[in-house]
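Student: structure here, sequence nowhere to be found:
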């Protein structure tokens, strides 16, 4: 027989994921007379859609494990995309941003995109670690600021005429591959390295971590910088896929990312959570979005359901925490 | 004076004031190598203040601390710890969401492969060592991979103490290590303390439980209203004398007073 405690922590989240998919399949036959899962193209679209904010969610997971929060993902994505794209224009670009930097090897815009994201994350982390300003406020400031800088950077103009070699990294299954590789790398880092152990320790009991000799400030800055870099990477992939960068890209992605993390079982209280759970959380959000569209239900109803799921997931988490306090 | 080489910790006129409040005044304290001592006193007598000065949690207003013969100034608990002074606080230093080996080795993990922060942990080695350490303490923890937060108070306290005891520390300070524990768990913690005595690790025990103090230590230091009012050999005194020193009143207490 199956024993509940022998199953991995992700099993229940995965069951929810399967349940939702099956629900849409059944509703599909009744409401629109079509199969939901039987459409390979739809499944492909789902996974492509979720990959971008999934990359952000991998970073946000780590931040939330330290009992922090990162609200700036979507805005940092936009800023990184704008700056990266401005260095990725093709030689025959019309009205280029930097006429002297056309047709650069793609490694340069990729590195610049990651660098811009890392810089934003470093600022988030430094403010959080050194000033005592709650990460909620620090990253909220970054959300507003980064979005504004993204607009100012080109005076509101989108960046297009991106080189073919650059847009190739957003084509086909590339975004999914990037998401997958990023998720696997950070899953392993969290599980098997000192970085991961200290990330959990700080979220679990920051005072104990400090007493144990962990440089908590430096570690927090590193975690936020990694989260920023991943938002930057998401920006690079997204503008490559769209073959254009706009300052309004990725709006609300930070909330989708946080939702996926919370649905995936990472505790907002810090100390526990896994990338594997986040990946399933990302897929759940993708299926819900796609399923509602498939059932031709209005976009705003999707948002209502998403909102309820997030609150429900946090309520479950709180109940778990309360039970643990009772036992201790 | 004692032979200097025998002394592991000494304080000279150690004083701590919080504004106008004299929490600790002119404390002259010595601890010999391998010695187990208790610090007793009423609430507000300055016991915890004293410990906070020698563990770097706070910095003294005046006076000096000598550790292993050298004058030291600890600006943080970490510096004290690096010097070899380990403290066990009640429920302070454990990460509830980590398992036993992770807690034991927090901040000094065993590594398979060194690469800065991304060094790979040697989980097998840490688990094996954790088992050895806990075996010595004779504490029963069925599954070391469980989160410490899911364990009983005694098990948690034993993990905390084992951590201090297992890292070749030069001095261990325990502040009320059994205050929140049941009978059986208290016995286990006391056994660990006896083990430390056999190993020759010096210990400062702060406890309100005089019976425990008499059972465990060589010497008792009595604090009253911020001052050290006595140092007595445990085998040459009794509960009455200690209580008189703690309260500052002659005549002792009823022989069945629950304090003893």
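Tutor: Structure's in. What do you need? What you are looking at is a predicted structure, and each value in this text was computed from that prediction instead of being measured. Numbering: from 1, shown residues only, chains lettered A, B, ... in the order given.
Student: what parts of the stretch 101-250 of chain A come near chain B?
Tutor: A:189, A:192-195, A:197-198, A:200-201, A:203-205, A:207-214, A:219, A:222 (CB under 8 Å from any CB of the partner chain). C-beta coordinates here come from the backbone N, C-alpha and C atoms, glycine included.
Student: switch the cut-off to 7 Å
Tutor: Listed as neighbours of chain B in the stretch 101-250 of chain A under the rule CB under 7 Å from any CB of the partner chain: A:189, A:192-195, A:197, A:200-201, A:204-205, A:207-209, A:211-214, A:222.
Student: helices or strands up against the worst-scoring helix or strand of chain A on mean pLDDT?
Tutor: None of the helices or strands of chain A scores lower by mean pLDDT, DSSP states H and E than helix A:299-327, at a mean of 82. Packing partners of helix A:299-327 (3 or more CB pairs under 7 Å, 6 or more residues apart in numbering or on different chains; DSSP states H and E): helix A:253-263, helix A:275-294.
Student: now do that helix against helix A:253-263, angle only.
Tutor: Interaxial angle of helix A:299-327 relative to helix A:253-263 (axes from the mean of the first three to the mean of the last three CA atoms, to 10 degrees): 40 degrees.
Student: strands of the stretch 101-250 of chain B, start to end?
Tutor: For the stretch 101-250 of chain B, the strands defined by DSSP state E, counting those that start in this stretch occupy B:111-113, B:120-121, B:171-175, B:203-206, B:219-224, B:227-233.
Student: nearest to chain A, out of those strands?
Tutor: strand B:120-121 (5.6 Å; CB to the nearest CB).
Student: quick one: is that closest one near chain A?
Tutor: Yes - using CB under 7 Å from any CB, we find that strand B:120-121 touches chain A at B:120, B:121.
Student: which other helices and strands does that strand contact?
Tutor: Using 3+ CB pairs under 7 Å, 6+ apart, strand B:120-121 sits against strand B:111-113.
Student: against which helices or strands is the strand it packs on packed?
Tutor: strand B:120-121.
Student: what residues does the stretch 1-150 of chain B have near chain A?
Tutor: B:77-78, B:81, B:92-98, B:102, B:106-107, B:109, B:117-121, B:149-150.
Student: are any of those buried, and which?
Tutor: Burial by neighbour count, 16 or more other CB atoms under 10 Å in any protein chain shown: within the residues of the stretch 1-150 of chain B next to chain A this picks out B:77-78, B:81, B:93-98, B:102, B:106-107, B:109, B:119-121, B:149.
Student: rewinding a little: quick one, which of the helices and strands packed on helix A:299-327 gets closest to residue B:9.
Tutor: helix A:275-294 (46.4 Å; CB to CB).
Student: show the backbone phi and psi for residue 38.
Tutor: Since you didn't name a chain, this refers to chain A. Main-chain torsions, residue A:38, degrees, to the nearest 10: phi -70, psi 0.
Student: oops, chain B please
Tutor: Per degrees, to the nearest 10, the backbone of residue B:38 is at phi -120, psi 150.
Student: shaky segments in chain B?
Tutor: B:1-4, B:90-92, B:137-138, B:167-168, B:251-260 (pLDDT under 70).
Student: counting neighbours, what do you get for residue A:104?
Tutor: 18 (other CB atoms under 10 Å in any protein chain shown).
Student: what do you get for the one 10 residues further on?
Tutor: Burial of residue A:114, expressed as a neighbour count using other CB under 10 Å, amounts to 20.
Student: average pLDDT across the helix or strand harbouring residue A:233?
Tutor: Here residue A:233 sits within helix A:216-242, counting by DSSP states H and E. Helix A:216-242 shows a mean pLDDT of 97.
Student: in chain B, which helix is the longest?
Tutor: helix B:183-199 (DSSP state H).
Student: buried residues in that helix?
Tutor: B:185, B:186, B:188, B:189, B:190, B:192, B:193, B:196, B:197.
Student: now do stretch B:160-179
Tutor: B:160-166, B:169, B:171-178.
Student: looking at those residues, spot the one nearest residue A:108.
Tutor: residue B:163 (48.7 Å).
Student: quick one: contacts for the closest one?
Tutor: By CB atoms under 7 Å, 6 or more residues apart in numbering or on different chains, the residues touching residue B:163 are B:103, B:104.
Student: relative to residue B:81, how far out is it?
Tutor: 11 Å (CB to CB, to the nearest Å).
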